[in-house]
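Chemist: sequence? don't have it. structure:
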């Protein structure tokens, strides 16, 4: 089974002769020399079962203006996406790399991300546009004419996807959604517990994607609406829930729909399959039985550094221990307290905006 954790490797330990780099060498005459000069620098990588590269992402924080574009970009703290390439094979690996770029941008506290890219790479250009990148300039070199795309993190579109990974909290609608361990870590790969092996992850679309779909039947879910905050709670796994159930992640609802809204099983599969942990046979069964009528689509915005357990949620956050822990609402002060316990309050505060 393929390990889906991204690698973080020094350039000097990556073979420039890997066929993966052929297109980059073709696009950029200086690529080989540039690559060799980066020896001690590191890049995010994804390797296939044969050990060859299927993905490569190099990121570089920058301060100041971008002067080699027309027009120049004004002075700002940015994260430059220096090299971004994936071999497309239908698993949304590009979204996984985009998510990592956003994660690093938040960690570095930058105001924006930017990338230069040839327009001919249409799938990659469309991927950037989907997450709020906007063309700001042109870069002309001996290699040709590139688009300069920038995504500002200090501006708000008031849209769940265009604002990703920012989190709208203005409505004060925050809900806890519990997931069983066998579903949790396949769906949310950056939220693995330290005791879990990364071998449970696969190079498949629901693991890689920023977008997730989960089917449920718990009472109260029918009230969810676009922009609601979802705090993901991983249920107990072989130990007392008071100590081993933990809050792991913060997500945002894109859409709530019902299985009855799909006229045919084919339409249901087309909607769910790319982002759901459930197999096609399971989805077909769920469609026929209506066992899990609610279909939640959400974005995966923040994986917690520390995971507060139920003990902390009860004793420090003040959640009623006698409630049903499958799905329930919490207040904005409670959400903030959980973020403080997770060690991510400062990071999350930079992501929050009033919707």
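Modeler: Received the coordinates, thanks. Fair warning: this is a prediction, and the values are worked out from it, not measured in the lab.
Chemist: going by C-alpha atoms from here, please, whenever you check contacts or count neighbours.
Modeler: OK.
Chemist: skipping adjacent residues, who's closest to residue 133 in space?
Modeler: Counting by C-alpha to C-alpha, 6 or more residues apart in numbering, residue 151 is the residue found nearest to residue 133 once chain neighbours are left out, at 4.2 Å.
Chemist: quickly list what the one you found is bridged to.
Modeler: With beta bridges defined as DSSP bridges, residue 151 has these partners: residue 113.
Chemist: contacts for stretch 7-22?
Modeler: 32, 35-36, 38-46, 52-54, 87 (C-alpha atoms under 8 Å, 6 or more residues apart in numbering).
Chemist: next, count neighbours for residue 325.
Modeler: Other residues near residue 325 number 15, with proximity taken as other C-alpha atoms under 10 Å.
Chemist: how about it, secondary structure?
Modeler: Classification of residue 325 using DSSP: H, G, I helix; E, B strand; the rest coil returns coil.
Chemist: OK, contacts around the nearest residue to it once chain neighbours are set aside?
Modeler: The spatial neighbour of residue 325 that comes closest, neighbours along the chain excluded (C-alpha to C-alpha, 6+ apart), is residue 178 at 6.9 Å. Under the criterion of C-alpha under 8 Å, 6+ apart, the contact partners of residue 178 comprise 232-235, 325-327.
Chemist: with respect to residue 303, which of the residues you listed is nearest?
Modeler: residue 232 (9.5 Å; C-alpha to C-alpha).
Chemist: now do the SS call for the closest one.
Modeler: With three-state DSSP as the criterion, residue 232 reads strand.
Chemist: ok, it - contacts?
Modeler: Residue 232 makes contact with 176-179, 247-251 under the criterion C-alpha under 8 Å, 6+ apart.
Chemist: read off the pLDDT value for it.
Modeler: pLDDT, residue 232: 93.
Chemist: any low-confidence regions in the stretch 51-200 of the chain?
Modeler: 89-91, 170-171, 189-200 (pLDDT under 70).
Chemist: now the strands for it?
Modeler: Counting by DSSP state E, counting those that start in this stretch, the stretch 51-200 of the chain has strands at residues 53-66, 73-86, 112-117, 134-141, 144-152, 167-168, 174-179.
Chemist: packing partners of the third one?
Modeler: So that's strand 112-117. Under the contact definition 3 or more C-alpha pairs under 8 Å, 6 or more residues apart in numbering; DSSP states H and E, strand 112-117 sits against strand 73-86, strand 144-152.
Chemist: circling back: please pick the buried ones from the contacts of residue 178.
Modeler: Burial of the contacts of residue 178 was assessed by neighbour count (16 or more other C-alpha atoms under 10 Å); the buried members are 232-235, 326-327.
Chemist: can I get these in JSON lines with distance to residue 336?
Modeler: Rendered in JSON lines, the data for the buried ones among the contacts of residue 178 read as follows (distance: C-alpha to C-alpha, whole Å):
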{"residue": "232", "distance to residue 336": "15"}
{"residue": "233", "distance to residue 336": "16"}
{"residue": "234", "distance to residue 336": "19"}
{"residue": "235", "distance to residue 336": "21"}
{"residue": "326", "distance to residue 336": "20"}
{"residue": "327", "distance to residue 336": "18"}
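Chemist: quick one, domains of the protein?
Modeler: Dividing the chain into domains by automatic domain parsing, as the record does, gives the ranges 7-152, 167-353.
Chemist: dump the ones you listed to CSV, plus distance to residue 160.
Modeler: Formatted as CSV, the entries for those read as follows, by distance: least, C-alpha to C-alpha, whole Å:
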stretch, distance to residue 160
domain 7-152, 10
domain 167-353, 6
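Chemist: who's the nearest residue to residue 309 once chain neighbours are set aside bridged to?
Modeler: When the adjacent residues along the chain are set aside, residue 309 lies closest to residue 246, with 4.1 Å between them (C-alpha to C-alpha, 6+ apart). Legend: beta-bridge partners of residue 246 under DSSP bridges are residue 234, residue 309.
Chemist: and for residue 246, the neighbour number?
Modeler: Number of residues near residue 246 (other C-alpha under 10 Å) recorded here: 23.
Chemist: residues contacting it?
Modeler: 233-236, 307-310.
Chemist: how near is the residue sitting furthest away from the middle of the chain to residue 128?
Modeler: Going by C-alpha atoms, centre = their mean, the residue of the chain most distant from its centre is residue 142, 34.8 Å out. Plainly put, residue 142 is 24 Å away from residue 128 if you go by C-alpha to C-alpha, to the nearest Å.
Chemist: the stretch 201-350 of the chain: strands as residue ranges?
Modeler: Read by DSSP E, counting those that start in this stretch, the stretch 201-350 of the chain holds these strands, from start to end of the chain: 211-216, 229-234, 246-258, 294-303, 327-330.
Chemist: need the ones you listed in CSV (columns: distance to residue 161).
Modeler: Rendered in CSV, the data for the strands of the stretch 201-350 of the chain read as follows (distance: least, C-alpha to C-alpha, whole Å):
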stretch, distance to residue 161
strand 211-216, 9
strand 229-234, 13
strand 246-258, 8
strand 294-303, 8
strand 327-330, 23
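Chemist: deepest-packed of those, please.
Modeler: Each of the strands of the stretch 201-350 of the chain was given a mean neighbour count from mean count of other C-alpha atoms under 10 Å, and the largest, a mean of 26, is that of strand 229-234.
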